[in-house]
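S.K.: I would like to see how this sequence folds:
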Amino acid sequence: MSLIIALKFFHYLSLFLAGGLGVANALLAKAHQKAGMPPAPHVQKTMMTLARLGLVALIILWVTGVILTNQLYGSFNLGWAFHLKLLGATVLLLVVAFLNVHLADSAKKGTPPNPKIMNAIPYIARTSLAAVLIGIAVVTTT
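M.R.: I've put the predicted structure just below:
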């Protein structure tokens, strides 16, 4: 039982961390977009750090989630809603991983991040997060 409590603690901590980092990065990107100016190099570094920390938090979410699912339910055969949650979580992980690569590439080239990409990422992330939340709400209710 103490393993499950520890896993849940780190799962929830990572959930809050990933969410906060995602919001912070989106706010920074939007502020610069509205101002019509690219982020300064130190802001780009901060955005890269936020994206990396968000990726680490998502990886911890995945690891703890897989172990918790195995410990609590013994299988991943939990119905369509759980699979919706996994699909949303997978898309979210891929988007954040892509964001990390894009920001690193932009910093290496000394150019600002592509505004079209930076504009699309929040929408994709929010949609995938909605899928995760709907899926988990249904799984934990039925």
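S.K.: Give me the below-cutoff pLDDT ranges for this structure.
M.R.: For the chain, not a single residue meets the criterion pLDDT under 70.
S.K.: All the helices of it, residue numbers only.
M.R.: For the chain, the helices defined by DSSP state H cover 2-35, 41-73, 80-109, 115-139.
S.K.: Show me what the second one is packed against.
M.R.: Meaning helix 41-73. With contacts taken as 3 or more C-beta pairs under 8 Å, 6 or more residues apart in numbering; DSSP states H and E, helix 41-73 sits against helix 2-35, helix 80-109. (Each C-beta comes from the backbone N, C-alpha and C, glycine too.)
S.K.: other SSEs contacting the last one?
M.R.: Just to be clear, that refers to helix 80-109. Going by 3+ C-beta pairs under 8 Å, 6+ apart, helix 80-109 lies up against helix 2-35, helix 41-73, helix 115-139.
S.K.: Quick one, which of the ones you listed gets closest to residue 93.
M.R.: Residue 93 sits nearest to helix 41-73 of all the helices and strands packed on helix 80-109, at 5.1 Å, using C-beta to C-beta.
S.K.: residue contacts, the closest residue to residue 61 other than its chain neighbours?
M.R.: Counting by C-beta to C-beta, 6 or more residues apart in numbering, residue 61 lies nearest to residue 14, which is 4.6 Å off, once chain neighbours are set aside. By C-beta atoms under 8 Å, 6 or more residues apart in numbering, the residues touching residue 14 are 57, 58, 60, 61, 64.
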